[in-house]
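Chemist: what follows is a predicted protein model with its sequence.
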Amino acid sequence: MLKQDYLETALVPEFVDYLASILSGKAPIDFEYRFHSAHTPSGYSDGFGLTGTAQTLEDLFDRYYWKREYYAANADKLLGFQRQLRSAMGGDLTGVHHAVAQIMDWGLNPSAAQANKAWAAQQGDQLPALLEAGKRALESAEPDYSIFQQVRMNAGFTKVFSLLCDGIIIYDGRVGAALCWLVRRFLKHIGYAGPVPKALAFLWAPGRSAQYRNPSGDGFEFDCLTSDASAWARANVEASWLLERARVASGAPWCAGASGLRNIECALFMLGYCLPVGEATRRRGRTGAPRRDVQDAVLPSNHIRFEYAPGSFDVDELEQWVRTLGRGYVIIGGLNRNFVEHDRPESLDYWLRARCTRRNVRQATTALVERLVATGRFRLEAKRWPGENRQRKGLVLTNP
């Protein structure tokens, strides 16, 4: 589809206007954020707090961090990677491979970075040509995504292409989740009935994090990013087109200039860290206990009820997350402490709490674990907690 045709598709101009009002701060988002202390920079908690309300996307941009560093340090690193990559594309094969490896190490967990570096190494002297073909497609006003049947596009290579291309954002699972959440708010705001329009049906992914990132709700369902590189590339391009149009229309100083689109991407990255739990899990009585009509309701397929919170969770989503951990199991990790003090973000208990409304209550109970084992997808077994020598109870995938 032509860029201009996409931007004139039904509801896209209206969503651009909606986003522009949010970017300018005229339409507050009043987003309740909750970040974990595990990877924040020094002084972050004292300066911003790990929980609070961001009235605007600019507030979330101000709170950006990655791998214990604030925006400025990460922006400097990205600029360095970009210069190396673009310079090497002029004929320095070793430089291209080195730049790609650096980007992967910066932007991904070690196992995902290694997988992408291995793919790049397998391409050998063809890697620059493949990257150049992907660049042409992404920057085109009429993209042909078929090249992505040969070129990889995922949470790692979106970073490579964002630095190689002009006007293309880093589109990972968190940015996608945030954009989907904003689409959902927009559709609800205008009273739209029906499935999400195709032009606004962006994609998201839970990633390795235990945080709740599913943007679906209010009758609107969003699909996940998968290994379909062409679909990922399309979402990347259309999100970039739409956000750039909204950025210009907003006139907001915080996202003006050459880094403006990157600033918006960083704000969305922070918004997508942990989304509000869907409305379907919030219906409670005056005491905070689950209402009887919710408890007695028929569960969706493959769901299990929380023990000490209203609502349920998706076992398919849990299994997918355990697989992304890359070790075939998850430690149960139940703790009797508040959620913000929970220091086991890759545990079952943390994952469950991130998806319920009673986050300060231990959720990985014996009864719930038994129900998970009863599904046949997991077995209970003592496993080593990463970074420790001691054994802890864990759930192991029966079909890794």
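Modeler: Happy to help now that I have it.
Chemist: next, the buried residues of stretch 204-222.
Modeler: 204-217, 220, 222 (16 or more other CB atoms under 10 Å). In short, each C-beta sits where N, CA and C put it, glycine included.
Chemist: distance from the chain centre to that stretch, please.
Modeler: Computed by CA atoms, centre = their mean, to the nearest Å, the chain-centroid distance of stretch 204-222 equals 8 Å.
Chemist: render the CA-only coordinates of that stretch in CSV, please.
Modeler: Below are the C-alpha coordinates for stretch 204-222, written out as CSV (Å, rounded to 0.1, in the frame of the first residue of the first chain):
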residue,chain,number,x,y,z
TRP,A,204,2.6,-6.7,20.3
ALA,A,205,4.6,-9.3,22.2
PRO,A,206,5.0,-10.2,25.9
GLY,A,207,8.8,-10.8,25.5
ARG,A,208,10.8,-12.4,28.4
SER,A,209,9.3,-10.1,31.0
ALA,A,210,6.7,-11.2,33.5
GLN,A,211,5.0,-7.8,33.2
TYR,A,212,1.5,-7.7,31.9
ARG,A,213,1.6,-6.3,28.4
ASN,A,214,-1.5,-7.6,26.7
PRO,A,215,-3.3,-4.5,25.3
SER,A,216,-6.5,-6.3,24.4
GLY,A,217,-9.7,-5.4,26.1
ASP,A,218,-13.1,-3.6,25.8
GLY,A,219,-14.0,-5.9,23.0
PHE,A,220,-10.8,-5.2,21.0
GLU,A,221,-8.3,-7.9,20.4
PHE,A,222,-4.7,-7.5,19.1
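Chemist: residue furthest from the geometric center of the protein?
Modeler: Here the chain reaches farthest from its C-alpha mean at residue 91, the gap being 34.3 Å by CA atoms, centre = their mean.
Chemist: identify the farthest-apart pair in the buried residues of stretch 204-222.
Modeler: Maximum pairwise distance among the buried residues of stretch 204-222 (CB to CB): 25.4 Å, between 208 and 220.
Chemist: any idea which residue sits dead centre in this structure?
Modeler: Closest-to-mean residue, the chain, CA atoms, centre = their mean: residue 174 / 1.8 Å.
Chemist: confidence score at the closest residue to it other than its chain neighbours?
Modeler: Closest residue to residue 174 apart from its sequence neighbours, by CB to CB, 6 or more residues apart in numbering: residue 272 at 3.4 Å. pLDDT, residue 272: 96.
Chemist: neighbours of residue 202, just the number please.
Modeler: For residue 202, the count of nearby residues is 26 (other CB atoms under 10 Å).
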